[in-house]
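Asker: I'll drop the sequence and a predicted model, then ask my questions.
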Amino acid sequence: MTYVRVIGLAWWLQLKMRSRSAFDGLLGVLYPLFFSTVVFMMFRHGDASGAALLSAAVGASVMGVWSSTSTTASAALQQERRQGTLELLVAAPTPLPVVILPVTLSMATIGAYSLVVTLMWGRFAFGVDLAIQRPVQFVLAAAVTVVSIGVLGFLLAVSSVRYRTAWALGTALEMPVWLISGFLVPLDLLPAWIRPISWLLAPTWGIDAIRAAAEGRDALPALAACLGLAAVYGLVGSLLAVRLVDAARRHATLALT
């Protein structure tokens, strides 16, 4: 319960800080509008049906969540290093994974704004019919998807702690992840060897659960897969964080100076 309280308080603190950030806040507001406008114009130009437009709206909304998390999550610990606070986080009595997880969860939470804004933008600016067949499962699937993206960002943040240009790694992964996760392009159109990779990504199952709920299909199987992968990310990230911190302490390389 102590760790849950720490995660909750740190998440709320990080959320307030990032909501006032010129980078995270302003771009978090503008990115969803850019993404959704381009996607809706492309689909409308192709005379897409209402179901296809709804699927595109859902994909564009989740794409905004991932874009808000990928670059900032990979650079999260590098930013702490530049500010001279990384050593304090590592030396704190609270385990490092418990300290890092709220940071990336706050990024994904800010990205969740894009999910709502994209759907509303599509409804009022482009006339997309938002007929959600299973609203309860839709809301649950959206919440789980946001959390899973936050945990994936946690794994990305831990994995890139030893790289000086960690932000570039997150930027490089931004487009490939939303592409092979099926946000906008159906997985059936991608090469067969990519599909096993997409199955290992929680956003793939998250977007599938959201679309299933919107179309009236059962979203629970995809939702369970998304939750399971998020738990695996959290476990792997926690073990990796402990391993990297131990190595940095032995070699005195935490600050990379």
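Answerer: Received, thanks. Here the structure is a predicted model, which is why all the values come from computation and not from measurement.
Asker: against which helices or strands is the lengthiest helix in the chain packed?
Answerer: Taking DSSP state H as the criterion, the chain has its longest helix at helix 220-251. Identification of packing neighbours for helix 220-251 by 3 or more C-beta pairs under 8 Å, 6 or more residues apart in numbering; DSSP states H and E yields helix 86-91, helix 96-125, helix 135-159, helix 202-215. Where you see a C-beta, it was placed from the backbone N, CA and C, and this is true even at glycine.
Asker: let me see the mean pLDDT of that helix.
Answerer: Across helix 220-251, pLDDT averages out at 86.
Asker: list the buried residues in it.
Answerer: Within helix 220-251, the residues that count as buried by 16 or more other C-beta atoms under 10 Å are 222-223, 225-227, 229-230, 233-234, 237-238, 241, 244-245, 248.
Asker: could you count how many residues lie near the closest residue to R249 other than its chain neighbours?
Answerer: Leaving aside its sequence neighbours, R249 sits nearest to V90 (C-beta to C-beta, 6 or more residues apart in numbering; 8.0 Å). Residue neighbour count, defined by other C-beta atoms under 10 Å, stands at 19 for V90.
Asker: repeat for G64
Answerer: If we define neighbours as other C-beta under 10 Å, then G64 has 27 of them.
Asker: residues in contact with G8?
Answerer: P102 (C-beta atoms under 8 Å, 6 or more residues apart in numbering).
Asker: quick check: which element contains it?
Answerer: Assigned by DSSP states H and E, G8 belongs to helix 2-19.
Asker: then that helix to CSV, C-alphas only?
Answerer: Output of helix 2-19 as CSV, limited to C-alpha atoms (Å, rounded to 0.1, in the frame of the first residue of the first chain):
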residue,chain,number,x,y,z
THR,A,2,2.9,2.3,0.6
TYR,A,3,4.1,1.8,-3.0
VAL,A,4,0.6,2.4,-4.3
ARG,A,5,0.5,5.7,-2.4
VAL,A,6,3.9,6.7,-3.7
ILE,A,7,2.8,6.0,-7.3
GLY,A,8,-0.4,7.9,-6.8
LEU,A,9,1.2,11.0,-5.3
ALA,A,10,4.1,11.0,-7.8
TRP,A,11,1.7,10.5,-10.7
TRP,A,12,-0.4,13.5,-9.6
LEU,A,13,2.7,15.7,-9.1
GLN,A,14,4.1,14.7,-12.5
LEU,A,15,0.7,15.3,-14.1
LYS,A,16,0.5,18.8,-12.8
MET,A,17,4.1,19.6,-13.8
ARG,A,18,3.8,18.2,-17.3
SER,A,19,0.4,19.8,-17.9
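Asker: check contacts around Q133.
Answerer: A213, A214, E215, G216.
Asker: on that earlier part again, and the residue nearest to R249, what pLDDT?
Answerer: Per the predicted model, pLDDT is 79 at V90.
Asker: related to what we said a few turns ago, now the helix holding G8: buried residues?
Answerer: For helix 2-19, a neighbour-count test (16+ other C-beta under 10 Å) marks V6, I7, A10, W11, Q14, L15, R18 as buried.
Asker: just those residues: which has the poorest pLDDT?
Answerer: R18 (76).
Asker: could you measure from it over to G150?
Answerer: When distance is defined by C-beta to C-beta, to the nearest Å, R18 is 12 Å away from G150.
Asker: what does F124 give?
Answerer: When F124 is compared with G150 (using C-beta to C-beta), they lie 28 Å apart.
Asker: so which of the helices and strands packed on helix 220-251 is the most surrounded?
Answerer: Highest mean neighbour count of the helices and strands packed on helix 220-251: helix 202-215, a mean of 25 (counted as mean count of other C-beta atoms under 10 Å).
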